[in-house]
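# here is my input; please provide its structure:
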Amino acid sequence: MEYRAFGNRYMVRMDPGEEILTMVKALCEAENIRLGEFRALAAVNQLDLAVYDVAEKQYYSTKRDGAFEVTSLFGTISEKDGAVYLHAHLSATAADGSAVGGHLNAAVVSGTCEMVLEVMDGHVGRRKDEATGLNVLEFD
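As a prediction, this is how the structure comes out:
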């Protein structure tokens, strides 16, 4: 991964074999980023996506291998228990034109990932919501 800062934004390039969320977390830790958002396009060959069932308070994940074009990846950066907390969703297409998407657990870059990460001033934490079982935003 390589990146450059331009004001409150970072332009990021990830390379083959790098896992996207792992790299975002590493950047946030290296640059002390605790609040922001990121968006990206990429070519990936491994995906771990999930859908959350609110009634069951459980994520159901699906792993896929193959050639995928990430058509949309959006995420937020906040904190939980003093650590960087990422929440991201991804949509991607396969060679046959079929689409997959959902909550992003992991995605491994096969070609490249081009990301813009925007830093925000302030602090937003996370707390577990007992009604849904989700780690929701908590505003100070």
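
# farthest residue from the center of the protein?
What lies farthest from the middle of the chain is residue 96; by C-alpha atoms, centre = their mean that is 24.7 Å.

# mean confidence for the lengthiest strand in the chain?
Ranked by number of residues, the top strand in the chain under DSSP state E is strand 58-80. In this model, strand 58-80 has a mean pLDDT of 98.

# which strands and helices sit next to it?
Using 3 or more C-beta pairs under 8 Å, 6 or more residues apart in numbering; DSSP states H and E, the elements in contact with strand 58-80 are helix 20-31, strand 36-53, strand 83-94, strand 99-119, strand 124-128. Just so you know, the C-beta spots here come from the backbone N, C-alpha and C atoms, and that holds for glycine as well.

# what's the last one packed up against?
Which is strand 124-128. On a contact count with 3+ C-beta pairs under 8 Å, 6+ apart, strand 124-128 meets strand 58-80, strand 135-139.

# how far is the longest strand of the chain from where the chain is centred?
6 Å (C-alpha atoms, centre = their mean, to the nearest Å).

# stretch 44-59 now?
Distance of stretch 44-59 from its chain centroid, counting by C-alpha atoms, centre = their mean, is 13 Å.
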